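1. Show me the folded form of this:
(one chain, ligands or ions: 1)
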Amino acid sequence: MAWKLFNTLTRSLQEFVPLESSGKSVGMYCCGPTVYDFAHIGNWRTFVFGDLVRRYLEFKGFEVQHVMNITDIDDKIIKRVRESKTSLRDFTSKFESAFFDDLKTLNCRQPHETPRATAHISEIIVLIEKLMALDIAYKAPDGSLYFSIEKYRGSGHQYGQLVKLNFEEMRAGERVRSDDYEKEAVADFALWKSRVPEDGEVFWPSPWGEGRPGWHIECSAMSMKLLGPSFDLHLGGEDLMFPHHEDEIAQSEGAEVQDKGQQFVKYWLHGAHLLVEGKKMSKSLGNFFTLRDLLAKGFTGREIRFLLLQAHYRETFNFTSEGLQSARASLMRIDECLGKLSELAGSAKGVAEAPVLESFSNLLDDDLNISGAWGVIFDWVRDTNKRLAEHKVDPASAAAGLATWDKFDSVLGVGAPVEQQIPAEFTALLEAREAAREAKDFKRADAIRQELKAKGWVIEDTAKGPKLKKA
Ligand SMILES: [Zn+2]
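-> Numbers count the residues shown, from 1 in each chain. Here you go, the predicted model:
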């Protein structure tokens with residue numbers, strides 16, 4: 001079945017067909033983190049969405065080149081560097097490595113390339129030079145370089161491909177220097193910002209004097225360097241649609257002559273916002289969480305990932321602690337079912353069950369209908385449990401069940417439960433109890449069981465012998 005995705009560019013569902021003639025290779029760019037702080041759970045919804053797209057492409061047999069940039073220079077970073085009195089690299093490296101740790105915690109596949117903006121200053125300069133040569137960019141009296149929307153439109157390009165813009169209100173030559181500005185403003189945006197005293201030691205030489213790049217040009221330069229002037233997929237949160245992504249299109253299509261009928265990006269996908277406990281996240285409301293805040297509350301990466309993957313990517317999703325609790329319960333249901341299958345399967349090998357995988361895939365083909373796909377999985381868990389209860393599962397079909405789950409999970413990435421770390425003293429007690437049982441000292445065996453229970457551990461008898469489980 002054809003895979004349909006909602007392309008923001010055409011505001012419609014479109015069949016996904018890669019640009020490359022073999023139809024196998026796919027280039028995908030996701031706007032990455034600005035490393036001035038720990039990423040919050042709203043950011044993580046977008047990154048997990050990007051990971052879902054990547055995984056589903058791979059599930060369908062595409063060879064994906066996944067690029068995610070690291071914005072390690074922008075207004076916010078400069079402000080923090082100034083306040084923290086450290087060097088730019090010292091400051092950003094801390095948040096950059098925290099980002100990659102968090103990415104692992106949420107079991108996101110590592111992008112193939114994670115370019116840093118500060119390592120691409122020369123590519124950025126070359127791109128701006130092209131725009132200057134084409135007269136689409138200009139130097140303003142403050143020494144900074146801006147993109148001229150008027151000149152761009154005048155040369156036959158369309159500004160406002162992702163959003164509808166009102167050019168009546170646009171005043172020609174009006175400029176914005178800030179990276180963080182009024183969403184509605186249609187104004188010339190900064191490509192290169194001339195050095196000001198507040199920048200401190202953060203600047204690079206350029207043909208136009210010392211300064212630093214604007215935010216939008218970073219993504220145009222890095223995506224085109226690594227994926228070419230025209231590639232398949234560009235993802236980001238819906239808040240980036242305008243002006244960031246619109247400006248990326250303008251810079252890239254303004255500077256590069258695309259082949260006839262081609263564009264900078266064929267499919268633009270945008271993930272919707274996240275609410276926390278029914279409200280927009282804010283520090284003052286106390287509903288602002290980084291991933292680390294949630295881990296400190298005792299939730300695991302897989303529980304958080306499971307919850308982030310519950311809603312359709314284009315729907316606003318309400319993230320709640322109740323949701324996290326039910327994510328935990330749902331994962332336990334899956335884990336229990338898989339645990340039973342794996343005990344039964346032993347060393348048997350099995351092939352994934354094709355019909356259920358087809359239903360799963362048909363739903364994801366429909367613009368990543370994830371709640372439908374989870375529905376298929378939970379029906380499958382229920383049916384499997386029923387067959388298990390009726391003793392209708394032999395080792396071969398248990399192995400087939402496990403192979404089916406592996407296929408589901410290659411897309412969902414919730415993974416297996418982390419093996420519970422059992423402190424050595426309790427393992428020793430469990431062994432002592434076994435020894436007592438073997439010696440037929442049931443009184444002592446029972447006393448040990450009680451002692452373990454008092455300390456929060458229960459003994460569970462399994463086919464592979466007794467095991468400790470947190471009560
Ligand atoms: Zn970007």
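2. quick one: contacts for Val276?
-> Contacts of Val276 were listed using C-beta atoms under 8 Å, 6 or more residues apart in numbering, and they are 41-42, 287-289, 318-320. Just so you know, the C-beta spots here come from the backbone N, C-alpha and C atoms, and that holds for glycine as well.
3. who's in contact with the nearest residue to Glu238 once chain neighbours are set aside?
-> Once flanking residues are discounted, Glu238 sits nearest to His270: 4.4 Å by C-beta to C-beta, 6 or more residues apart in numbering. By C-beta under 8 Å, 6+ apart, His270 lies in contact with 8, 235-238, 240-241, 314.
4. Not counting sequence-adjacent ones, nearest residue to the residue of the stretch 151-300 of the chain at minimum distance from the ion?
-> Nearest to the ion, among the residues of the stretch 151-300 of the chain, is Cys219, at 3.3 Å (C-beta to the ion). The shortest distance from Cys219 to any non-neighbouring residue, by C-beta to C-beta, 6+ apart, is to Glu248 (5.2 Å).
5. pLDDT value on that neighbour, please?
-> Glu248 carries a pLDDT value of 97.
6. helix, strand or coil for it?
-> helix (DSSP: H, G, I helix; E, B strand; the rest coil).
7. Might one say that it is in contact with Glu256?
-> No - between Glu248 and Glu256 there is no contact under C-beta atoms under 8 Å: 11.9 Å.
8. list residues touching both of the two?
-> Common contacts of Glu248 and Glu256 (C-beta under 8 Å, 6+ apart): Phe264.
9. Compare these two (neighbour count), which wins?
-> Glu248 (28 against 17; other C-beta atoms under 10 Å).
10. Contact partners for the residue of the stretch 51-200 of the chain at minimum distance from the ion?
-> Nearest residue of the stretch 51-200 of the chain to the ion: Asn69, at 6.2 Å (C-beta to the ion). By C-beta under 8 Å, 6+ apart, Asn69 lies in contact with 29, 31-32, 114-117, 218-219, 222-223.
11. Phi first, then psi, for the residue nearest to it when sequence neighbours are not counted.
-> Once flanking residues are discounted, Asn69 sits nearest to Gly32: 4.6 Å by C-beta to C-beta, 6+ apart. Dihedral pair for Gly32: phi -90, psi -170, per degrees, to the nearest 10.
12. Counting neighbours, what do you get for Gly32?
-> 28.
13. Same question for Pro417.
-> For Pro417, using other C-beta under 10 Å, the count is 14.
14. So for it, what's the nearest residue that isn't a sequence neighbour?
-> Asp335 (5.2 Å).
15. Show the pLDDT at the residue nearest to Glu238.
-> The predicted structure scores His270 at 98 on the pLDDT scale.
16. Ramachandran coordinates for it?
-> Dihedral angles (degrees, to the nearest 10) for His270: phi -130, psi 130.
17. Likewise for Asp406?
-> phi -60, psi -40.
18. Could you identify which of the contacts of His270 has the most neighbours?
-> That'd be Leu235 among these, by other C-beta under 10 Å, with 25 neighbours.
19. in which helix or strand would I find it?
-> Using DSSP states H and E, Leu235 sits in strand 231-237.
20. I'm done for today, thanks for sticking with me.
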